[in-house]
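# Predicted structure and sequence below. I'll ask about it afterward.
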Amino acid sequence: MGQQEVYTFLRRHKNKWFTSKEIANRLHASLGSVTTCLKKLRDSSAVSFKYPNKQGQGKNSYIYKFRE
């Protein structure tokens, strides 16, 4: 699992926000590897991220979207 797979997945679904768990499930990858890739993509500003509006989510949880 690499950053490119995560980046490509988000690019294919440009208009939708995903949690790291949803991305991991869709890519059939481990949550840890997807989380690591997402952190690197966040640091490089390749993806948009924000805290979800839902109550009950953890403090450190984000949702992700392809940055156009």
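Ah, there it is. Note that the coordinates shown come from a computational prediction; the quantities given were computed from them, not determined experimentally.

# Now do the same for the lengthiest helix in the chain: mean pLDDT, whole number.
The longest helix of the chain (DSSP state H) is helix 31-43. The predicted model assigns helix 31-43 a mean pLDDT of 96.

# counting contacts, what elements does that helix pack onto?
Other elements packing on helix 31-43 under the criterion 3 or more Cβ pairs under 8 Å, 6 or more residues apart in numbering; DSSP states H and E are helix 3-12, helix 20-27, strand 47-50. Quick note: C-beta positions are derived from backbone N, CA and C, even for glycine.

# quick one: low-confidence parts of this protein?
54-60 (pLDDT under 70).

# quick revisit: ok, and what's touching the longest helix of the chain?
With Cβ atoms under 8 Å, 6 or more residues apart in numbering as the test, helix 31-43 has contacts from 1-3, 5-7, 20-21, 23-24, 27, 47, 49, 62, 64.

# Can you flag the buried ones in those?
Neighbour-count burial (16 or more other Cβ atoms under 10 Å) applied to the contacts of helix 31-43 gives Gln3, Val6, Tyr7, Ser20, Ile23, Ala24, Leu27, Val47, Tyr62, Tyr64.

# buried sites along stretch 38-51?
Within stretch 38-51, judged by 16+ other Cβ under 10 Å, the buried ones are Leu38, Leu41, Ala46, Val47, Ser48.

# I'd say the last one and Ile63 touch.
Meaning Ser48. No. The pair Ser48 / Ile63 is not scored as a contact, 9.1 Å apart, by Cβ atoms under 8 Å.

# related to what we said a few turns ago, distance between the longest helix of the chain and the chain's centre?
Distance of helix 31-43 from the chain centroid (Cα atoms, centre = their mean, to the nearest Å) equals 7 Å.

# Alpha carbons of it, as PDB, please.
In PDB, the C-alpha atoms belonging to helix 31-43 read as follows (Å, rounded to 0.1, in the frame of the first residue of the first chain):
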ATOM      1  CA  LEU A  31      -5.900   1.100   8.700                       C
ATOM      2  CA  GLY A  32      -2.400   1.800   9.800                       C
ATOM      3  CA  SER A  33      -0.900   1.900   6.300                       C
ATOM      4  CA  VAL A  34      -3.700   4.100   5.100                       C
ATOM      5  CA  THR A  35      -3.300   6.400   8.100                       C
ATOM      6  CA  THR A  36       0.400   6.800   7.400                       C
ATOM      7  CA  CYS A  37      -0.200   7.500   3.700                       C
ATOM      8  CA  LEU A  38      -2.900  10.100   4.600                       C
ATOM      9  CA  LYS A  39      -0.500  11.900   7.000                       C
ATOM     10  CA  LYS A  40       2.100  12.200   4.300                       C
ATOM     11  CA  LEU A  41      -0.500  13.400   1.800                       C
ATOM     12  CA  ARG A  42      -1.700  16.000   4.400                       C
ATOM     13  CA  ASP A  43       1.800  17.200   5.000                       C
END
